[in-house]
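Enquirer: Here is a sequence with its predicted model. Questions after.
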Amino acid sequence: MPDVFPNYGDSDSAWSCALSGAGAEFIAVSFDQPVAVLSIVAYETAYAGNMVRISGANSSGEMMTLWEDYTPLSDIPTSAVALSPVLACDRFADDELVAAIRLDFDSRRNPGYPEIDS
């Protein structure tokens, strides 16, 4: 359950990229028991717009891109964003479960320390 969203700004309760404007960084989350992924909501609570890819790994560790968007930002978000993109879950077999999720960021898109809440 998010505890920062819908607030926007620096928070000790949100995950943050390690470097400001450094480029590629990611956070990965694994599950004790693999799960079926139908949707993902990422709450960007500071320097929104830096998430560029969501990937999922099957139980064998094979990583597949579920969503990506490298479109340059035309407007820099100034409030928290609940990003819930349409995922390409068809890249997994019908009975295949996801053992891990990886969120990739490019902090050059909106320089600062991107933060997410989950």
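Expert: That came in fine, so what should we check first?

Enquirer: which one's the longest strand in the chain?
Expert: The single longest strand within the chain, with elements called by DSSP state E, is strand 24-35.

Enquirer: Just give me how far it sits from the chain centre.
Expert: 10 Å (C-alpha atoms, centre = their mean, to the nearest Å).

Enquirer: Who are the packing partners of that strand?
Expert: strand 98-106 (3 or more C-beta pairs under 8 Å, 6 or more residues apart in numbering; DSSP states H and E). Every residue, glycine included, has its C-beta placed from N, CA and C.

Enquirer: Show me which residues of the strand it packs on are buried.
Expert: By neighbour count on 16 or more other C-beta atoms under 10 Å, the buried set for strand 98-106 is Val98, Ala99, Ala100, Ile101, Arg102, Leu103, Asp104, Phe105, Asp106.

Enquirer: The fifth one against Glu25, yeah?
Expert: No - counting by C-beta atoms under 8 Å, Glu25 is not a contact partner of Arg102; they are 11.0 Å apart.

Enquirer: any residues touching stretch 25-33, and which ones?
Expert: The contact list for stretch 25-33, computed with C-beta atoms under 8 Å, 6 or more residues apart in numbering, reads 15, 17-19, 98-105, 107, 116.

Enquirer: Alpha carbons only: can I get it in CSV?
Expert: Taking Å, rounded to 0.1, in the frame of the first residue of the first chain, the C-alpha atoms of stretch 25-33 are listed here in CSV:
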residue,chain,number,x,y,z
GLU,A,25,19.2,2.8,-12.8
PHE,A,26,16.7,0.1,-11.8
ILE,A,27,14.9,-1.5,-8.9
ALA,A,28,14.0,-5.2,-9.0
VAL,A,29,11.5,-7.0,-6.8
SER,A,30,11.3,-10.8,-6.6
PHE,A,31,8.4,-12.9,-5.3
ASP,A,32,8.7,-15.9,-2.9
GLN,A,33,6.0,-17.5,-5.0
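
Enquirer: List the buried residues of that stretch.
Expert: The neighbour-count check on stretch 25-33 (16+ other C-beta under 10 Å) flags Glu25, Ile27 as buried.
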